[in-house]
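K.L.:
3D model of this:
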Amino acid sequence: MTAHGVDALGPAATTEVADGVYAYVQPDGSWWINNTGFLVGGDEVVAVDASSTERRTRALLDAIGAVTPRSVRTLVNTHHHGDHTNGNCLFTDAVVVGHRNCREGVRNQAIGRLEAVFGSVEWGELTIRPPSLVFDNRLDVYVDDRLVELHFIGTPAHTTGDVVAWLPAEKVLFAGDLVFNGGTPFVLMGSVDGALAALDTLRGFGATTIVPGHGPVCGPEVIDDVQGYLELVHGVAVRAHAAGLAPLDAARETDLGPYADLHDRERIVGNLHRAMAELGGAARGAPVDVLAAFADMITFNGGRPLRCLA
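P.N.:
Residues are numbered from 1 along each chain as shown. As a prediction, the model looks like this:
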C-alpha cells in the first residue's frame, strides 16, 4: 500500500513570517499538498486557504489551535482548486471570502472521484462550501489594526479567479498558486500569457517574503524561476503550433533544462494544452478539454496515475 501524507512526507511546519503572521507549509508541495497561512488578532484569526483532505485540514486547524485559542472568523480562498478549498467546510465559525470566479469554480467542482488520475486518496468527510463573500478587484480585511489587502490578480493566470493577500506593512505576500517553489507551475485552467503578466504584478508589490501556494517560503527571486519556466512553455508552444504538433508530442520533444528536476514535470503537457489553445485563438481562461489534457499527462507519465501523497 502506498504511504500517504505525513506517513511519507513528514509533518507540516508552522513558521512565523512576521509578528502574528504564520505560514503553514506542507511538504513536499506536490499534487494536492498546498500551503496555507493565518494571522492572529486580539479577538480572531484570519486564515488564508484550507487544504485538500479532512485529515490535512484538521491538522491545519490543530496547528492554528497550538498558536492561539482564538477562532478563525475569516477564511480567504486564493482560488477555487480543491487543494485550497476542499476543507472550507471545517472552518465552521468562518466567513469564506474569495473572488467571484472562485465562488463559481468551487460550486462547480466535486471532492474526490479522481482515482483514474491520482490513484486512491483518503479525502475524508468533506462537503463543498464556496465563498459566501465575494469581490471583483480588491477587498481590505483588518486584523485588529493590521491591513490585509486582497487583490484579484487582474487576469486569468493559474485560474480565472486568483487572489493574493498582501500585507503592506510587513511586506509579506500570500501568493497562492501564482508561485510554485520547487514544483512545476500549472496553468491549464488559466493562461500562460496571463500568468506571465501576473508575475509582473506580483513584483510590483515589493514583497520581501512570499508564501507560495506550494513549496518553501521564499523571497521575490522565485518569481524569476516561475517566469523562466513559463517562458520556456510559451516558446515550445509557439514552435509546436507552427509545426502542427500535438501538445503531448511537443512535450515529449522538450528539454526542460533547469526545470527538469521540478516535481510533477508532467504538467508541461497540460501547460502546452493551454498555451496552444490560446495560440489557436482561445481567450485567456477560456474552457479547454481538461480531461484530454490529464489523459495526455498520464500518458506522458508512462500510463501511471500522477504521483499524489495527499
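K.L.:
neighbours around residue 244, how many?
P.N.:
Residue 244: 7 surrounding residues under other CB atoms under 10 Å. Heads up, the C-betas are built off the backbone N, CA and C, glycines and all.
K.L.:
now it: how far from residue 250?
P.N.:
10 Å (CB to CB, to the nearest Å).
K.L.:
And residue 218, by the same measure?
P.N.:
Applying CB to CB to residue 218 and residue 250 gives a distance of 30 Å.
K.L.:
repeat for residue 30
P.N.:
Per CB to CB, residue 30 is found 23 Å from residue 250.
K.L.:
which residues of the stretch 51-200 of the chain fall in helices?
P.N.:
Per DSSP state H, counting those that start in this stretch, the stretch 51-200 of the chain carries helices over the ranges 54-67, 82-85, 100-107, 115-118, 192-205.
K.L.:
so can I have a markdown table of these showing mean neighbour count and mean pLDDT?
P.N.:
Shown next, in a markdown table, are the helices of the stretch 51-200 of the chain (neighbours: other CB atoms under 10 Å; pLDDT from 0 to 100):
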| stretch | mean neighbour count | mean pLDDT |
| --- | --- | --- |
| helix 54-67 | 18 | 98 |
| helix 82-85 | 27 | 98 |
| helix 100-107 | 20 | 98 |
| helix 115-118 | 14 | 96 |
| helix 192-205 | 19 | 98 |
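K.L.:
Which one, of the ones you listed, ends up nearest to residue 147?
P.N.:
helix 192-205 (13.2 Å; CB to CB).
K.L.:
mind showing which ranges of the stretch 51-200 of the chain have poor pLDDT?
P.N.:
Across the stretch 51-200 of the chain, nothing is flagged by pLDDT under 70.
K.L.:
That one: strands as residue ranges?
P.N.:
72-76, 95-99, 133-135, 138-143, 146-152, 163-167, 172-180 (DSSP state E, counting those that start in this stretch).
K.L.:
and the fifth one, which residues are buried?
P.N.:
Pointing back at strand 146-152 there. 146, 148, 150-152 (16 or more other CB atoms under 10 Å).
K.L.:
Describe which strands it pairs with in its sheet and in which direction.
P.N.:
Partners of strand 146-152 in the sheet, by DSSP bridges, are strand 138-143 (antiparallel), strand 163-167 (antiparallel).
K.L.:
For the nearest residue to residue 279 once chain neighbours are set aside, which residues are in contact?
P.N.:
Using CB to CB, 6 or more residues apart in numbering and skipping residues adjacent in sequence, the residue nearest residue 279 is residue 241, 4.4 Å away. Taking CB atoms under 8 Å, 6 or more residues apart in numbering, we find residue 241 in contact with 276, 279-280.
K.L.:
just checking, which of the residues you listed belong to helices?
P.N.:
Per DSSP state H, helices hold the following members of those: 276, 279.
K.L.:
Return the members of the contacts of residue 241 classed as buried.
P.N.:
276, 279.
K.L.:
quick one: which of the contacts of residue 241 is nearest residue 308?
P.N.:
residue 276 (25.8 Å).
K.L.:
In this structure that closest one contacts residue 237, no?
P.N.:
Yes: judged on CB atoms under 8 Å, residue 276 makes contact with residue 237 at a distance of 5.0 Å.
K.L.:
Quickly list what's touching both of these two.
P.N.:
Shared contacts of residue 276 and residue 237, counting by CB under 8 Å, 6+ apart, come down to residue 250.
K.L.:
rewinding a little: max pairwise distance over the buried residues of strand 146-152: which two?
P.N.:
146 and 152 (20.8 Å).
K.L.:
Tell me how many other residues crowd residue 91.
P.N.:
22.
K.L.:
Throw the helices of the stretch 51-200 of the chain into TSV and include distance to residue 168, thanks.
P.N.:
Formatted as TSV, those follow (distance: least, CB to CB, whole Å):
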stretch	distance to residue 168
helix 54-67	23
helix 82-85	23
helix 100-107	23
helix 115-118	38
helix 192-205	8
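K.L.:
which residues does the residue nearest to residue 226 when sequence neighbours are not counted contact?
P.N.:
Excluding the flanking residues, the one nearest residue 226 by CB to CB, 6+ apart is residue 185, at 5.3 Å. Residue 185 makes contacts with 158, 195, 226, 229-230, 267, 271, as judged by CB under 8 Å, 6+ apart.
K.L.:
and the longest helix for the chain?
P.N.:
In the chain, ranked by residue count with DSSP H as the criterion, the top helix is helix 221-243.
K.L.:
For residue 137, see how far away residue 82 is.
P.N.:
Taking CB to CB, one finds residue 82 at 25 Å from residue 137.
K.L.:
Run a quick neighbour tally on residue 39.
P.N.:
27.
K.L.:
Bridged to it, which residues?
P.N.:
With DSSP bridges as the criterion, residue 39 is bridged to residue 21, residue 46.
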